[in-house]
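Asker: Let's see this in three dimensions:
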Amino acid sequence: MQRKTFRIEQMMTSNERRRATAAPAHDLVALHDLVTRQKQDLAALIHDGKQRRMTLAAGELGAAVESMEKATHDILKSAEGIDAQARKLSTTSDDNVQALSRSIQSQVAEIYEACNFQDLAGQRIGKVIELLSMMEIRLAAMLSPEDAATSAATESEDRLLNGPKLDGASGHISQREIDQLFG
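Answerer: Below is the predicted model:
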């Protein structure tokens, strides 16, 4: 009978091959237990009850990008209003008012330039979202559904505060309810 040599065996020395094939049963049990624990840890890493943690983290990052976009839009809209009013001031004959107008317009230009952070931050966060999604898919593919369910069931129920709610997320109090509480 002809024996095939697999690539991993080719990389091992003859002594390593002898030790691997003659491993005592208790070493194999320990290895099995280690692999089982690692699979459970991986399942806990990617699952949080019904939802996948990395998907949730990607959603949080996406919400942060949306919040930055909205804030940047509001800042730029206000800066445009200030700039328009400063241009009106520059048409007066008073030299002091014209100098003040130019100073205001210069500072508005600095606001425009500073708001470029949002685009760069959004691009960087987009790359992180892609990486999280790819890692989650690969980790989930390594695990069987039973491992993921076991891990989710054994995970601690202690939760940290979750911060701002994502659109459509449950379990958060609305701003209106907070206003009524303090109003």
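
Asker: Please make it C-alpha for all contacts and neighbour counts, starting now.
Answerer: Will do.

Asker: For the longest helix seen in the chain, what does the pLDDT average out to?
Answerer: Of all the segments assigned as helix in the chain under DSSP state H, the longest by residue count is helix 53-89. For helix 53-89, mean pLDDT rounds to 91.

Asker: shaky segments in this protein?
Answerer: Per-residue confidence for the chain (pLDDT under 70) gives these ranges: 1-25, 48-51, 144-175, 178-179, 183.

Asker: now the strands for the chain?
Answerer: If DSSP state E is used as the criterion, the strands of the chain fall at 47-48, 51-52.

Asker: tell me the domain boundaries of this protein?
Answerer: 1-48, 50-144 (the TED database).

Asker: Columns distance to residue 180 and mean neighbour count on top of those domains, output as a markdown table?
Answerer: As requested, the domains of the chain are arranged in a markdown table below (distance: least, CA to CA, whole Å; neighbours: other CA atoms under 10 Å):
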| stretch | distance to residue 180 | mean neighbour count |
| --- | --- | --- |
| domain 1-48 | 32 | 12 |
| domain 50-144 | 25 | 15 |
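
Asker: Switch these over to TSV; also include distance to residue 181.
Answerer: Compiled in TSV, the domains of the chain are given as follows (distance: least, CA to CA, whole Å):
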stretch	distance to residue 181
domain 1-48	31
domain 50-144	26
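
Asker: Any idea which of those domains gets closest to residue 177?
Answerer: For the domains of the chain, distance to residue 177 was read as CA to CA. The smallest value, 21.4 Å, belongs to domain 50-144.

Asker: contacting residues for residue 80?
Answerer: The contact partners of residue 80, by CA atoms under 8 Å, 6 or more residues apart in numbering, come to residue 108.

Asker: Now do the helices in the chain.
Answerer: Using DSSP H, the helices found in the chain span residues 7-11, 14-21, 25-46, 53-89, 95-114, 117-142, 145-154, 175-182.

Asker: Okay, residue 130 and residue 105: tell me how far apart.
Answerer: Summarising the geometry, the distance separating residue 130 from residue 105, computed by CA to CA, to the nearest Å, is 39 Å.

Asker: How much space separates residue 177 from residue 44?
Answerer: Here residue 177 is placed at a distance of 34 Å from residue 44 (CA to CA).

Asker: Hmm, I typed the wrong one, I wanted residue 66.
Answerer: For residue 66, the distance to residue 44 (CA to CA) stands at 28 Å.

Asker: Fine, thanks again, bye for now.
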